[in-house]
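Trainee: Let me see the structure of the following:
(chains A and B)
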Amino acid sequence: MIAFAGLLLGVVLGVVVNPTVPVWLEPYLPLAVVAALDAVFGGIRATLDHIFDERVFVISFLSNTLVAALIVFLGDQLGVGGQLSTAIVVVLGIRIFSNVAAIRRHVFRA
Amino acid sequence: MRSRRWQAQLTVAVLAALLGFGLAVQVRTTQDRSALGSARPDDLLRIIDDLSARSERLAKEEADLRAAGDRLANAVDRDAAAVEEARKRIAALSILAGTVAAHGPGVQVVVDDPGHKLTADFIVDVIQEFRDAGAETMMINGHRVGASTYAVDNDVQIVLDGATLSQPYTIIAIGDAPTMATALAIPGGIVETAEDKGARISVTQSADVVVDALRPLSTPRYARPDSSE
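Mentor: Below is the predicted model:
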């Protein structure tokens, strides 16, 4: 519950402050957000499975975003940044879908 | 134990807030900025390539259209010149054919022949003399003289283009008046011939005479323009 409140607070803060994203961060921010989304959906699923652990969540959240940014950075250095970004989005998208499917089974029993 | 749990929850909340913040900022950035700002160098290269190819295409198209426009403008100029030329020809040919009235410097010749000694030959000579002296158009007793004009004798009267001429004969010619007057007055010329035969003849030069008799325009029945030249 407090996590959800934090999410809302973050959204409101982002809308109100509306900061300019630094240029060096621009390629990484969208993928970091997607990676964090994956971590959050994984966390929700774990909560519903009654195996949620804050430590695991924090580590998965941070490592997900960092690894995503790292892969994009590496891709940019190798000249395949665009393709790797797509690959990350696809992989994370699949994970988000499977997590959401698990959440759906918990919530709707279907 | 309770405080540790609280701390962990707080960390999760902070991370969630971070996600919300990043999400909102990213959405705003995507909406605000054009796609170019966050595009990758290779994407930008491709976009530039596309744009330069497109701009080349458009430049070529522009050149083509400009050339076409120039061609059309030239054609319009040429057409206008041709129309102007045709107008001049119409004016010249109309006067020659006698289908329009004309005025200009010229002479008026009045011949009174009480003895009816003058024949059609005299009229033909007058026409010939005028043409020789550069007369551009003329009329005799209200009959326009044209290319097909003829004069014949009918008993003691003269017939011009089928119409009997009554006396006095009045001949009006447009052209260089002094030249024409001189041509008529040469020894053995028109004036002398007429006076030898007992006729009274007067030649009047004028700065502006009017030749307003018209000839009907006849379409040739047999002759056709030869456009091979």
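
Trainee: going forward, measure contacts and count neighbours with C-alpha atoms only.
Mentor: Noted.

Trainee: next one: phi and psi at B:D153?
Mentor: In terms of degrees, to the nearest 10, the main-chain angles of B:D153 are phi -90, psi 140.

Trainee: wait, what's in contact with it?
Mentor: B:T119, B:A120, B:V159 (C-alpha atoms under 8 Å, 6 or more residues apart in numbering or on different chains).

Trainee: For the last one, list each beta-bridge partner.
Mentor: When bridges are taken as DSSP bridges, the partners of B:V159 come out as B:V152, B:T164.

Trainee: give the contact list for it.
Mentor: Here B:V159 is in contact with B:A120, B:A151, B:V152, B:D153, B:L165 (C-alpha under 8 Å, 6+ apart).

Trainee: Could you do the first one as well?
Mentor: B:T119 makes contact with B:V152, B:D153, B:V156, B:Q157, B:I158 under the criterion C-alpha under 8 Å, 6+ apart.

Trainee: would you put the C-alpha positions of stretch B:182-202 in PDB?
Mentor: This file holds the C-alpha atoms of stretch B:182-202, laid out as PDB (Å, rounded to 0.1, in the frame of the first residue of the first chain):
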ATOM      1  CA  THR B 182       4.400  63.900-111.100                       C
ATOM      2  CA  ALA B 183       3.800  60.500-112.600                       C
ATOM      3  CA  LEU B 184       0.500  61.700-114.100                       C
ATOM      4  CA  ALA B 185       2.000  64.900-115.400                       C
ATOM      5  CA  ILE B 186       4.900  63.500-117.400                       C
ATOM      6  CA  PRO B 187       5.000  64.400-121.100                       C
ATOM      7  CA  GLY B 188       2.900  61.900-123.000                       C
ATOM      8  CA  GLY B 189       1.400  60.800-119.700                       C
ATOM      9  CA  ILE B 190      -2.200  60.700-118.400                       C
ATOM     10  CA  VAL B 191      -2.800  64.400-118.200                       C
ATOM     11  CA  GLU B 192      -1.400  65.100-121.600                       C
ATOM     12  CA  THR B 193      -3.400  62.300-123.200                       C
ATOM     13  CA  ALA B 194      -6.600  63.400-121.700                       C
ATOM     14  CA  GLU B 195      -6.200  67.000-122.700                       C
ATOM     15  CA  ASP B 196      -5.200  65.900-126.200                       C
ATOM     16  CA  LYS B 197      -8.600  64.200-126.500                       C
ATOM     17  CA  GLY B 198     -10.400  67.300-125.400                       C
ATOM     18  CA  ALA B 199     -11.100  66.300-121.800                       C
ATOM     19  CA  ARG B 200     -10.700  68.500-118.700                       C
ATOM     20  CA  ILE B 201      -8.500  66.900-116.100                       C
ATOM     21  CA  SER B 202      -7.600  68.200-112.600                       C
END
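
Trainee: pLDDT averaged over the helix or strand hosting B:R89 - what is it?
Mentor: Here B:R89 sits within helix B:41-97, counting by DSSP states H and E. Mean pLDDT, computed over helix B:41-97, is 91.

Trainee: And the pLDDT for B:A35?
Mentor: With respect to pLDDT, B:A35 scores 62.

Trainee: ugh, wrong one, I meant B:D212
Mentor: Taking B:D212 on its own, its pLDDT is 85.

Trainee: Not counting its neighbours along the chain, what's nearest it?
Mentor: B:A101 (4.2 Å; C-alpha to C-alpha, 6 or more residues apart in numbering or on different chains).
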